[in-house]
Structure formats: structure tokens, C-alpha cells
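Engineer: quick one, what's the 3D model for this:
(one chain, ligands or ions: 3)
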Amino acid sequence: MNKILIANRGEIAVRIIRACKEMNIKTVAVYSEVDKDALHTRLADEAICIGPANSSKSYLNFKNIIEAANITDSDCIHPGFGFLSENSQFAKICEESNIKFIGPSYKVIELMGNKSNAKELMKSVGVPVVPGSDGTIKNVSDAMKIAEKIGYPVILKAVAGGGGKGIRIVNSPDELVTNYNLVKQEAKISFNNDEIYMEKFIQNPRHVEIQILADEHGNVIHLGERDCSVQRRNQKILEETPSTAIDDKIRNKMGEAAIKAAKASGYTSCGTIEFLVDKDKNFYFMEMNTRIQVEHPITEMRTGIDIVKQQIKIAAGEELKIKQKNVEFKGHSIECRVNAENPMKKFMPCPGTITGLNLPGGNGVRVDTAIYEGYTIPPTYDSMIAKIITHGDTRNEAISKMKRALEETVIEGVDTNIDFLFEIITNPNFIRGNFDTSFIEKEILNNK
Ligand code: ADP
Ligand code: ADP
Ligand code: MG
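Structural biologist: Ligands and ions are numbered 1, 2, ... in the order given. Prediction:
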């Protein structure tokens, strides 16, 4: 592995460049016209413009990215998260172009990328799944029958969905027709695939996911769980590990189920199996993310394992050196996603120039970001601008560190959700570990 082209931008591109530098691997950044002065463009050994701001013409542009890899003699492409990271066609084109796609094989991406097929596979190997439709729903009357059978409320989801989009809860038959059409439309627009499936809506669940590493020699290990129940509109805002929702017995069972899931799909690379945990501590497979995830740093803080480096080593064909019994879990870690948005204005994104900046630091604080003073956040991409991660011996210590880290943070020139994050981290029920996926809606937004 000589040179890696990073087909992404923002903090995750910077995160990957950092791992490469530490591994003595050369890096190539690709950037859109609006990202000429972005940090990833500046930090990489080489940088190539791949098109205009609009991501369909740049960060999603297969042809230009492959060409950039060829011109720069890059032998690998790291897709990061979002953009092309779960695009099986792109992974296939990489393979055909003799470029190693840093991720699982395109066949596995295709298999797990269809959330309904992924569930069927899990069911067949005995991993518990959320009860729901057998495969996709054909039409509204089909949907009515299935909903009647599993019982309301149900949830409609796009098979190709991601990023919290293409999901809707249905409480009664009346709501079904409207929501069916809405999800279909949204799925068509967002994912160019209008197939949908149905699940029982699990009441007040926790979202608990397991990080895995799988090499190309059949070794699979897990790096424990992450609790991502603090969500707004099915999108994660704060994540922590370990989860306060499960005990060691369930933790081990979930780890084993995740390994079984990875083996059943022939998975290689890093990946995450997402589960829902209900009030009675039953867990159900929800989906697999076949890529590096936003919240991977909390697992790194707790295990001391660099997941991106492991991902690169696996792509190079190396055998995993870490055995399950050698994975050590230390302390507690929390991540807050800092977004350039205004919580008082329905979380409207707030791009603009950063005129003043103070990022937090000190013992047990890590910041993954690509912003700097004078940087202009373009309006074109995701509004996440930084991740603040803390690590302490105990959960309370990690919380105290997060509280003071948020207090130290100053971002001038754009609106951010820092105060909103502060409200979460200081909320008594959050501190007690007493929350579920409806926490933000009920505890934070309802009090406004
Ligand atoms: P994670 O599971 O790592 O927390 P998120 O769901 O927050 O990931 O998504 C990370 C980024 O990828 C976000 O910018 C999100 O909008 C984007 N994303 C995730 N899945 C998809 C998808 N299927 N299609 C388009 N964008 C996606
Ligand atoms: P995405 O691909 O967008 O990440 P997921 O299928 O992972 O979509 O679901 C996103 C979130 O939606 C979950 O973390 C959970 O909070 C909620 N959710 C999904 N399915 C269910 C369900 N069956 N019951 C209750 N909540 C659900
Ligand atoms: Mg998900």
C-alpha cells in the first residue's frame, strides 16, 4: 500500500490522512471547487480538484475520482463515510480498475446495503431481527395486511435508506396510506430506489451497536458496543460507550451475534452491526453499516485500538494481530457532534465564515474537526463541523470532561448546537443513564 486517495472531505478525510501519515502512506485529497482551502486539501501530500461544489459532480463523481486515482498513481481509495462509502457500484468499478476499495467487497456492500435482504440473511442464521415484513412491501393493501398482522404502531423504512432518512412511524391504518406514499417518494428522491419494508415500531428502545473488525483470513473480533440512543429525527447526536442499557451477559451475547452476522455475510474490513434493545433487554438486528462510522472515536478511546489503521491493514491483506481475548476495555467515552446549525430555528444549517475559534483540550479530550479560524463552511454539505470526544475512568468523569470541554469551546461567526449539547450532557435523566431514543424529543425539545 503506497498511496491512498481519500474520496471524502471534512473531519473524516482529515482523520484518514492522519492515520496514513502515521503509517508512512502517501495521501491524495480530492476536493470540489468550494473546498480549495479546506483542511483535508491542505494536509494531504497531493490534492486534485474533481469538480464543482455540487457533490453529484464532485464527491460522488465516479469517473473523476477514478481518474484522479490513476493520474496520481494511487493504489487504494478510502471512501470515509457518507458519499460513496456504501456504493457497491463504485466499489466494483474500483476493483475493475485495479484500485483497492478500503471496505468490504462490492458484493457484501450490495447484500447489506439492502436493509430488507440483510434482515432476511440475519434471520436465516439465527440473529434476532426486528419483527416485520418478509422482504419488501408490494403495495398499500399488502402494507395494510402486514401492519394488521404485526400490530400498530409500525415503521416504514426505505430498503436503501441511511442517515435517518426515509423512515416514518405509522400509528393507525388511517396514517398508513399517506405515510406509505411519503416514504416511497422520499426513498425515490434520496436513494433512487423506492422499495420499502415494514417493522414493528419498538417502543422506547435504546440504539446499541457493535463495532467489528474482520480480516480477509476469516478472523472476526468485536470492539464492544456504542449507545447511540440520543437522537433527533433518527439521527445520532451524542454517543457513548459502554452503554448503560445492557449488562455483561447481554453485552457478550450481542458481541457474539455481531460476529455471527459478519461471518454470515462474508464481511471484511471494519463495520458496525446496529441493534435495538427493548425495555425487557431483548435485542434485535436493525442494519449493518459497511463502513467507518462517525462515532468510531469513542471505541478507539476505550480500547486504544486505531480503527482506521486496522481498516487499512485489513485492506492490505494483513491478518488481524489482535485476538478477542486481548481487547481491553478501559473507562468510559462520550462523543458530541457539533453542527453548524441553529437549534432555535428548527436546526436550520448555518454555513459561513469562522471568525473566532477556541477548541477544547486537556487530559481525556479529543477533537476531530477540519475547521480553523478564517475557514468558510460551505452551504453544500453536511452541517457536522466537529466531534468532541472525552474519555474518563468512569461515566461521571467522562460527563464532567464533556461539560467543561463544551464550556471551553468558542466558535464565532456561525451558529452551532453547543448550548443544545450542553443541555443534554447536564440533563438529570441523561446523567442517570435513564433515556431512550425519544429522549431529545421528550426531555429537551418539549421544554422549549
Ligand atoms: P453513522 O452511522 O456513522 O453515525 P450517519 O448516519 O450519521 O452515520 O451518517 C454519516 C454521514 O453519511 C451523514 O453525512 C449522512 O447524511 C450520510 N449518510 C449515511 N447513510 C447514507 C446514505 N445511505 N445515503 C446518503 N448519505 C448517507
Ligand atoms: P438509518 O439507515 O437511517 O441509520 P436505521 O434503520 O438504522 O436507519 O434507523 C435509524 C433510527 O431509527 C434508529 O437508530 C432508531 O432510533 C429508529 N428506528 C429504526 N427502526 C426502528 C424500529 N423498528 N422501532 C423503533 N425505532 C426504530
Ligand atoms: Mg442506522
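
Engineer: find me the pLDDT at the residue lying closest to Asp227 once chain neighbours are set aside, would you?
Structural biologist: Of all residues not flanking Asp227 in the chain, Ser243 sits nearest, at 3.5 Å (CB to CB, 6 or more residues apart in numbering). Just so you know, the C-beta spots here come from the backbone N, C-alpha and C atoms, and that holds for glycine as well. According to the prediction, Ser243 has pLDDT 98.

Engineer: sec struct for Ser243, please.
Structural biologist: Secondary structure assignment for Ser243 (DSSP: H, G, I helix; E, B strand; the rest coil): coil.

Engineer: list the contacts for it?
Structural biologist: Residues in contact with Ser243, defined by CB atoms under 8 Å, 6 or more residues apart in numbering, are 206, 208, 225-227, 251, 277.

Engineer: which of those residues lies closest to ligand 1?
Structural biologist: Among these, Arg226 lies closest to ligand 1 (CB to the nearest ligand atom), at 9.2 Å.

Engineer: residue nearest the centroid of the chain?
Structural biologist: For the chain, the residue nearest the mean C-alpha position is Gln293 (3.7 Å; CA atoms, centre = their mean).

Engineer: ok, now which ones touch the residue in the chain that ligand 1 sits nearest to?
Structural biologist: Of all residues in the chain, the one sitting closest to ligand 1 is Gly162 (2.3 Å; CB to the nearest ligand atom). The contact partners of Gly162, taken as CB under 8 Å, 6+ apart, are 86, 191.

Engineer: give me phi/psi at it?
Structural biologist: Here is the backbone geometry of Gly162 (degrees, to the nearest 10): phi -180, psi 160.

Engineer: where is the longest helix in this protein?
Structural biologist: Taking DSSP state H as the criterion, the chain has its longest helix at helix 173-191.

Engineer: need the contact partners of that one.
Structural biologist: Here helix 173-191 has contacts from 137, 140, 143-144, 147-148, 152, 156-162, 165-170, 193-196, using CB under 8 Å, 6+ apart.

Engineer: same thing but at 7 Å, please
Structural biologist: The contact list for helix 173-191 (CB atoms under 7 Å, 6 or more residues apart in numbering) reads 140, 143-144, 147, 156, 158, 160-161, 165-166, 168, 170, 193-194, 196.

Engineer: could you pull out the strands for the stretch 251-400 of the chain?
Structural biologist: For the stretch 251-400 of the chain, strands defined by DSSP state E, counting those that start in this stretch occupy the ranges 269-277, 283-289, 332-339, 341-342, 348-349, 352-353, 356-358, 365-369, 376-377, 384-392.

Engineer: now do the SS call for Leu111.
Structural biologist: helix.

Engineer: please report how far Ala257 lies from ligand 2.
Structural biologist: 16 Å (CB to the nearest ligand atom, to the nearest Å).

Engineer: ok, that residue - contacts?
Structural biologist: Val127.

Engineer: begin at 52 from here
Structural biologist: Got it, first residue is 52 now, which makes that one Ala308.

Engineer: before we move on, the earlier item: which parts of the longest helix of the chain are buried?
Structural biologist: Residues of helix 224-242 classed as buried under the neighbour-count rule (16 or more other CB atoms under 10 Å) are 226-227, 230-231, 234-235, 237-238, 241-242.

Engineer: do the helix or strand following it and ligand 2 meet at all?
Structural biologist: As assigned by DSSP states H and E, the chain's next helix or strand after helix 224-242 is strand 247-251. Yes: under the criterion of CB under 6 Å from any ligand atom, ligand 2 is reached by strand 247-251 at Glu250.

Engineer: following strand 247-251, which helix or strand comes up?
Structural biologist: Using DSSP H and E, the helix or strand that directly follows strand 247-251 along the chain is strand 257-265.

Engineer: now for that following strand, which elements pack on it?
Structural biologist: strand 271-283, helix 299-315, strand 320-328 (3 or more CB pairs under 7 Å, 6 or more residues apart in numbering; DSSP states H and E).

Engineer: is it possible to get JSON lines of these that adds mean pLDDT and distance to Ile450?
Structural biologist: Shown next, in JSON lines, are those (pLDDT from 0 to 100; distance: least, CB to CB, whole Å):
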{"stretch": "strand 271-283", "mean pLDDT": "98", "distance to Ile450": "13"}
{"stretch": "helix 299-315", "mean pLDDT": "97", "distance to Ile450": "21"}
{"stretch": "strand 320-328", "mean pLDDT": "98", "distance to Ile450": "21"}
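
Engineer: same list (those) but as a markdown table, adding distance to ligand 1.
Structural biologist: Shown next, in a markdown table, are the helices and strands packed on strand 257-265 (distance: least, CB to the nearest ligand atom, whole Å):
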| stretch | distance to ligand 1 |
| --- | --- |
| strand 271-283 | 7 |
| helix 299-315 | 15 |
| strand 320-328 | 7 |
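
Engineer: out of the ones you listed, which gets nearest to Lys438?
Structural biologist: The closest of these to Lys438 is strand 271-283. By CB to CB, the value is 13.0 Å.

Engineer: tell me the angle that closest one makes with strand 383-390.
Structural biologist: Counting by axes from the mean of the first three to the mean of the last three CA atoms, to 10 degrees, strand 271-283 lies at 50 degrees to strand 383-390.

Engineer: low-confidence ranges, the stretch 352-499 of the chain, go.
Structural biologist: Residues of the stretch 352-499 of the chain that meet the criterion pLDDT under 70 lie in 498-499.

Engineer: residue numbers of it in contact with ligand 1?
Structural biologist: Applying CB under 6 Å from any ligand atom, one finds that the stretch 352-499 of the chain approaches ligand 1 through Asp433.

Engineer: helices of the stretch 352-499 of the chain, start to end?
Structural biologist: Assigned by DSSP state H, counting those that start in this stretch, the helices in the stretch 352-499 of the chain fall at 358-366, 446-459, 469-476, 479-483, 490.

Engineer: and of these, who's closest to Ile373?
Structural biologist: Comparing the helices of the stretch 352-499 of the chain by CB to CB, helix 358-366 comes nearest, at 7.7 Å.

Engineer: return the residues of the chain in contact with ligand 2.
Structural biologist: 181, 206, 208, 212-215, 218, 250, 252-253, 256, 258, 282, 285, 325, 327, 337-338, 488.

Engineer: many thanks, have a good one.
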